[in-house]
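>>> mind folding the following:
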Amino acid sequence: EVQLVESGGGLVQPGGSLRLSCAASGFTFSNYFMRWVRQAPGKGLEWVSSISSGSGSTAYVDHVKGRFTISRDNAKNTLYLQMNSLNVEDTAVYYCEAVAGPSYDYWGQGTQVTVSS
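All right, here's what the predicted structure looks like:
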């Protein structure tokens, strides 16, 4: 059974940091392109960051560049998102997504990140 389980979300003050994790199982994690996608309250899905299967290539949406860092540990089947200098606009449910083609697209259940004073 394919599973993606996010963790690490929570309540943090503006300017704070959180590290999200996404534990993968049931598929060959190292073969998959991975993404973090978020959904803010009342808004649609927003791509945040992505990383290639071998970690050689990363990308970020402009407004998180320099604050967020995506990484992966293929030996541990885990994806990470280090989030620094958080602001209220980062409040959202964060999802990890595994992609290896149109028929191979998996999502986790999400983890809530709330940035508030």
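
>>> drop to CA atoms for contacts and neighbour counts, all remaining ones
Fine.

>>> just checking, residue 109 is part of a helix?
No. Assigned with DSSP: H, G, I helix; E, B strand; the rest coil, residue 109 falls outside any helix and is coil.

>>> hmm, it is touching residue 22, no?
No. Using Cα atoms under 8 Å, residue 109 makes no contact with residue 22, being 10.1 Å away.

>>> name the helices or strands packed onto whichever strand or helix holds residue 100?
Using DSSP states H and E, residue 100 sits within strand 92-101. Using 3 or more Cα pairs under 8 Å, 6 or more residues apart in numbering; DSSP states H and E, the elements in contact with strand 92-101 are strand 3-7, strand 33-39, strand 104-107, strand 111-115.

>>> out of these, deepest packed?
Ranked by average neighbour count under the criterion mean count of other Cα atoms under 10 Å, the helices and strands packed on strand 92-101 are headed by strand 33-39 at a mean of 23.

>>> residues contacting it, please?
Outside strand 33-39, the residues that touch it by Cα atoms under 8 Å, 6 or more residues apart in numbering are 45-53, 79, 81, 92-100.

>>> tell me what angle that strand forms with strand 92-101.
Interaxial angle of strand 33-39 relative to strand 92-101 (axes from the mean of the first three to the mean of the last three Cα atoms, to 10 degrees): 150 degrees.

>>> what's downstream of strand 33-39, the next helix or strand?
Per DSSP H and E, the helix or strand that comes after strand 33-39 is strand 45-51.

>>> returning to that earlier point: among the helices and strands packed on strand 92-101, which comes closest to residue 88?
Residue 88 lies closest to strand 111-115 among these, at 4.9 Å (Cα to Cα).

>>> and that closest one, which strands flank it?
Next to strand 111-115 in the sheet, as set by DSSP bridges, lie strand 10-12 (parallel), strand 92-101 (antiparallel).
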